[in-house]
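Asks: any chance you can model this:
(one chain, ligands or ions: 1)
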Amino acid sequence: MSFGISSKTRKLLKQHNIVLKKSLGQNFLTDAHVLQQIIDAADLDEQAGVIEIGPGLGALTEGLAKSAKKVVAIELDNRLIPILQDLFQDQSNVEIVHADALKLDFAQLISDKFSSCSKVHVVANLPYYVTSPILVKLLESKLSLSNIVVMIQKEVAERILASPGSKTYGSLSVFAQYFSEPSKVVQVPAHVFVPRPQVDSMVIRLSMLPQSPVPVDDEAFFFQVVRASFAKRRKTLLNSLSSSLPFPIEKTQLEELIRSIGIDPSCRGEMLSIESFAQLSNVLLQVKNGVTTKQP
Ligand code: SAM
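Replies: Alright, predicted model coming up:
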């Protein structure tokens with residue numbers, strides 16, 4: 001079965017004289033079983049709308065169209081647009097949009113294209129070079145998405161899934177787990193892609209949370225504190241925060257404050273749960289606001 005998709009992909013590329021661009025992360029998936037696992041993980045039904053980012057030659061698009069009410073596929077490479085339009089000309093529930101997903105207004109797209117759908121999902125085999133910016137954009141725009149199912153580089157997936165105390169736990173883990181409940185779907189070896197990438201991949205599902213899992217007084221500041229806590233990974237939490245916080249604070253005051261919420265200032269940022277980061281940023285916010293009001 002995987003041979004079928006692989007040969008179809010190669011035939012289309014040859015027929016249209018297309019040389020794949022590494023700069024656009026063009027590694028096309030050729031394994032029908034993995035394609036089906038991605039579609040199953042999205043948990044679609046006949047009322048579902050799907051945004052697919054980077055349809056390539058439509059391998060995933062085809063299966064999505066069979067499982068959902070509507071699929072809007074966003075492709076940046078203009079050489080692929082006429083091929084996709086031709087492939088899906090008889091499928092009225094597939095729309096091809098020529099756009100850069102990094103620049104796209106997803107909220108507008110959802111209100112323009114999915115008013116007839118009960119829920120909207122993002123499903124994609126993402127180009128590696130834009131994985132993090134696209135995920136950050138999708139998560140922080142607070143779109144009314146049901147879930148996001150993406151194939152990404154295995155190392156990035158592991159960072160998203162990581163728990164406190166592990167080496168891969170960092171600001172991306174906190175960011176993803178603040179907006180969603182991430183889970184592993186399947187690990188995918190490099191040889192099922194054309195051309196074969198340098199790295200292994202993993203499919204993950206981000207089930208969007210209806211509200212934030214912890215009480216945070218100022219979201220932007222919360223993420224600044226998280227980033228500052230991981231800024232100097234080899235240093236203690238106190239030292240990392242002290243050199244990277246976005247406002248001035250005496251080190252002794254900072255130390256006291258960290259202790260006051262039951263955190264050891266000599267631990268590393270990677271030991272803190274999302275709850276602890278929320279507590280920490282809420283108390284730091286009070287100090288920051290106090291500091292700001294004293295300044296001219
Ligand atoms: N969905 C296909 C598959 O699974 O075989 C292709 C996946 S390939 C990893 C990534 C696709 O994203 C390519 O078709 C590439 O041209 C497209 N792409 C790259 N950057 C993009 C961007 N900024 N916005 C939209 N599509 C992009």
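Asks: near Asn78, how many other residues are there?
Replies: By the criterion of other CB atoms under 10 Å, Asn78 has 8 neighbours. C-beta here means a position set from N, CA and C on the backbone, and glycine is covered the same way.
Asks: what of Glu275?
Replies: If you count neighbours by other CB under 10 Å, Glu275 ends up with 12.
Asks: what sits against the residue in the stretch 1-150 of the chain that the ligand sits nearest to?
Replies: At 2.1 Å from the ligand, Gly54 is the closest residue in the stretch 1-150 of the chain, using CB to the nearest ligand atom. With contact set as CB atoms under 8 Å, 6 or more residues apart in numbering, Gly54 has these partners: Gly25, Ile74, Glu75, Leu76, Ala101, Ala124, Asn125, Leu126, Pro127.
Asks: list phi and psi for it.
Replies: Main-chain dihedrals, Gly54, degrees, to the nearest 10: phi 70, psi 70.
Asks: re the thing from before, quick check on the contacts of Gly54: which are buried?
Replies: Buried subset of the contacts of Gly54 (neighbour count, 16 or more other CB atoms under 10 Å): Gly25, Ile74, Glu75, Leu76, Ala101, Ala124, Asn125, Leu126, Pro127.
Asks: of the residues you listed, closest to Pro246?
Replies: Nearest to Pro246 among those: Ala101, at 29.2 Å, using CB to CB.
Asks: and what about that closest one, helix, strand or coil?
Replies: With DSSP: H, G, I helix; E, B strand; the rest coil as the basis, Ala101 sits in coil.
Asks: what about the helices in the stretch 101-250 of the chain?
Replies: Using DSSP state H, counting those that start in this stretch, the helices of the stretch 101-250 of the chain run over 106-113, 131-140, 154-161, 171-179, 219-230, 237-244.
Asks: what about stretch 222-237, start to end distance?
Replies: With CA to CA, to the nearest Å as the measure, stretch 222-237 spans 15 Å from end to end.
Asks: now do stretch 137-148
Replies: End-to-end distance for stretch 137-148: 12 Å, by CA to CA.
Asks: do it and the ligand meet at all?
Replies: No - using CB under 6 Å from any ligand atom, stretch 137-148 stays clear of the ligand, with a minimum separation of 10.6 Å.
Asks: who touches that stretch?
Replies: Stretch 137-148 has contacts (CB under 8 Å, 6+ apart) with 42-43, 48, 102, 106-107, 110, 119-123, 135, 175-176, 179-180, 205-208.
Asks: average pLDDT for it?
Replies: For stretch 137-148, mean pLDDT is 94.
Asks: also stretch 162-179?
Replies: For stretch 162-179, the per-residue pLDDT values average out at 97.
Asks: with stretch 77-84 instead?
Replies: Stretch 77-84 shows an average pLDDT of 97 in the prediction.
Asks: what residues sit buried inside that stretch?
Replies: Neighbour counts using 16+ other CB under 10 Å place Asp77, Leu80, Ile83, Leu84 of stretch 77-84 among the buried residues.
Asks: what does that stretch contact?
Replies: Stretch 77-84 has contacts (CB under 8 Å, 6+ apart) with 12, 16, 18, 21, 24, 26, 55-58, 61, 73, 75, 96, 98.
Asks: out of those residues, which is nearest to Thr131?
Replies: Comparing these against Thr131 with CB to CB places Leu24 closest, at 13.0 Å.
Asks: need the residues of this structure near the ligand, please.
Replies: Checking the chain against the ligand by CB under 6 Å from any ligand atom, the hits are 24-29, 53-56, 59-60, 74-77, 100-102, 125, 127, 130.
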